[in-house]
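Q: Give me a 3D structure for the following:
(2 chains)
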Amino acid sequence: MDDQKHSTLDDIISQRKEKIENIRQLGINPYPYAYNISHYSKSIIQQFDSLENETVQIAGRLMAIRLMGKAAFANILDSQGKIQIYLNKTAIGEKNYELFRLLDIGDFIGISGKVIKTRTGEITIQAESLTLLSKNIRPLPIVKEKDGVAHDAFTDKEQRYRKRYLDLIVNPQVRDVFINRSKILQAIRRFFDMRDFLEVETPVLQPLYGGANARPFTTYHNTLDRTLYLRIADELYLKRLIIGGFDKVYEIAKNFRNEGMDRNHNPEFTAIEFYQAYVDYNYMMDLVEKLFQSVAQALEVETAEFSGHTIKLMEPFARKPMFTLFEEYLGENISDYDIDKLRLLAKEKGLEIGAKANYGQILDELFGEFIEPKLIQPTFVTDYPKAISPLAKTHRSGNPQIVERFELFIGGSEFANAFSELNDPVDQRERLEAQAKLRDLGDEEAQVLDEDFLQAVEIGMPPTGGVGVGIDRLVMLFTGQASIKDVLLFPAMRPESAHNPEQQ
RNA sequence: GGGUGCGUAGCUCAGCUGGUAGAGCAGUGCCCUUUUAAGGCAUUGGUCGAAGGUUCGAUUCCUUCCGCACUCACCA
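A: All right, here's what the predicted structure looks like:
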């Protein structure tokens, strides 16, 4: 017998193409146009008592075949989960059984049949008819499972990220993460819509970029014959809308930053920014706290497991001025330190500080090193140095070095950044001019002076509170994922160029 | 960017101090009409990430490069 067939990947693919021809010769279209579904796997299992012996029609992907001569069990995966089907030659007929023998794991099929329980008690659909819905020609990773333990699971992270469709087919817990991501986005939109915020869209392609300290992506518009930048933040456009008279606006959008990639950073990431007229950062703190809690409610959780800690989400978030935290964690009241004393303190604590660092930057370094990692439970840190906050209003206390700004920290990382927005046009111009000087001195992340934005502020901006929240990180918190790649369907990956040198 | 580790069949993994590779699953053929990591018998399948080097001989040792993970630094 020369029926043995090789099984390299190419062999398997050509075998499956032959099967497609065989199926066509049976008079069956391997790629039909539609199929009527009456139920999904999960609803059949949940409603078994009322569905027993009823006829249902389901469709999904064949994930396992246990063939026994003239009968077979198989598992079907649909959008809700898996269910077992049972077929035998007598019930489905000669021709359909012949078709079944030409099927492979990975094919889509439709099954019409009775809901039964097998001898071992598994809810099963006893097929009365079988319809091929789409033939697979490239083999899937095979994952087997017993007692909830997956065997030979598809675990290679690189392959999972590069071929997310396989990851989603084969790893059900991955599907859940992205379902939860969608629920989180829905909850956020509902939260702002209920409070009469207007959802807006502002440019991704910008002649100038601003609103954050970051390096941009650069692109080029042929008709305009000029360089454009991909947005690094929504801030300056959303403020123009507050100036334009919308009192409450929000935007959920991709930002692009031409910086490093690691488990907390992807070159494109999603953020929400929201602005409200006539309120200050205290009001916004309340709003952020309510936002997090309403997301928790939408997911029906009160805590989150994140970076090895149980985060309590439903209790009031701590609120502490930066200087108070310094006193708590470093045992020193540094509120009236000048730059030299700060520099000395940093040195004593063994922290390397660049020679050009200003007062605010040294303070920020100290904070990032000694305090930030210790802020595990949700904590609003308030009142930041002015030098690192060019868009925030000077503190009402009168200390000219401090602005009204807060950041929310959870599990040692930043989740939100907010200001009482600077609306004094003269002050704002001076601050952006100071940033421009930093740029001239070589700080690539310093902000660009946006003349149109300054003119807008000169037209008059009401007192305004503004907040930015990183959505990917929020999803990491609520889904317990340690890497941003696990909450992005298609995370940025370096090209696999080794096998395709032409693509370079 | 630095450090550590990894890259072997479609998938999951072995491969000891160098002698051109093995298993399970998937595939193929046969048996099997309530199985469930179904089972039984047989069987195919690999430029061992890429390129150089050492060697009579490299999956194994060395160098460089590519990719991924972890980690430190930086950033949201």
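Q: tell me which element A:T124 falls in.
A: Remark: A:T124 resides in strand A:123-134, with elements defined by DSSP states H and E.
Q: Given the next helix-or-strand element following that strand, what are its sheet partners and their directions?
A: Counting by DSSP H and E, the element after strand A:123-134 in chain order, helix or strand, is strand A:144-146. When sheet partners are counted by DSSP bridges, strand A:144-146 sits next to strand A:149-151 (antiparallel).
Q: What's the mean pLDDT across the partner strand?
A: Per-residue confidence for strand A:149-151 averages out to 85 on the pLDDT scale.
Q: what's the helix or strand just after that strand in contact with?
A: Once strand A:149-151 ends, the next helix or strand along the chain (criterion: DSSP H and E) is helix A:157-162. Surrounding helix A:157-162, the residues in contact under the criterion Cβ atoms under 8 Å, 6 or more residues apart in numbering are A:154, A:166-167, A:171, A:174, A:485, A:490-491, A:493, A:496. C-beta coordinates here come from the backbone N, C-alpha and C atoms, glycine included.
Q: Can you report the mean pLDDT over the residues of the strand holding A:T124?
A: 97.
Q: Who are the packing partners of that strand?
A: The contact analysis (3 or more Cβ pairs under 8 Å, 6 or more residues apart in numbering; DSSP states H and E) places strand A:123-134 against helix A:41-46, strand A:55-68, strand A:81-88, helix A:89-92, helix A:94-101, strand A:108-117.
Q: how about the ones you listed in CSV, adding mean neighbour count?
A: Below are the helices and strands packed on strand A:123-134 laid out as CSV (neighbours: other Cβ atoms under 10 Å):
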stretch, mean neighbour count
helix A:41-46, 17
strand A:55-68, 18
strand A:81-88, 20
helix A:89-92, 16
helix A:94-101, 16
strand A:108-117, 20
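Q: can you tell me which helix in chain A is longest?
A: Longest among the helix segments of chain A by residue count, using DSSP state H, is helix A:172-194.
Q: between it and strand A:81-88, how many degrees?
A: Here the directions of helix A:172-194 and strand A:81-88 differ by 130 degrees (axes from the mean of the first three to the mean of the last three Cα atoms, to 10 degrees).
Q: What is the subsequent helix or strand relative to helix A:172-194?
A: Reading on from helix A:172-194 to the C-terminus, the next helix or strand found by DSSP H and E is strand A:198-199.
Q: I'd assumed A:N333 was in contact with A:K341.
A: No. Using Cβ atoms under 8 Å, A:K341 and A:N333 do not qualify as a contacting pair, with a distance of 11.4 Å.
Q: Which residues of the stretch 201-350 of chain A lie near RNA strand B?
A: Where the stretch 201-350 of chain A comes near RNA strand B, counting by Cβ under 7 Å from any atom of the strand, the residues are A:212-214, A:257, A:259-260, A:262-267, A:269.
Q: what's the domain layout of chain A?
A: Per the record, chain A has its domains at A:9-140, A:173-317+A:377-486, by automatic domain parsing.
Q: Which of those domains has the highest mean neighbour count?
A: Per residue and on average, the most neighbours among the domains of chain A fall to domain A:173-317+A:377-486, with a mean of 18 (mean count of other Cβ atoms under 10 Å).
Q: so what's the residue of the stretch 201-350 of chain A found nearest RNA strand B closest to, chain neighbours aside?
A: When distances are taken as Cβ to the nearest atom of the strand, the stretch 201-350 of chain A reaches nearest to RNA strand B at A:F269, 3.5 Å away. The spatially closest residue to A:F269, leaving aside those adjacent along the chain, is A:D472, at 5.1 Å (Cβ to Cβ, 6 or more residues apart in numbering).
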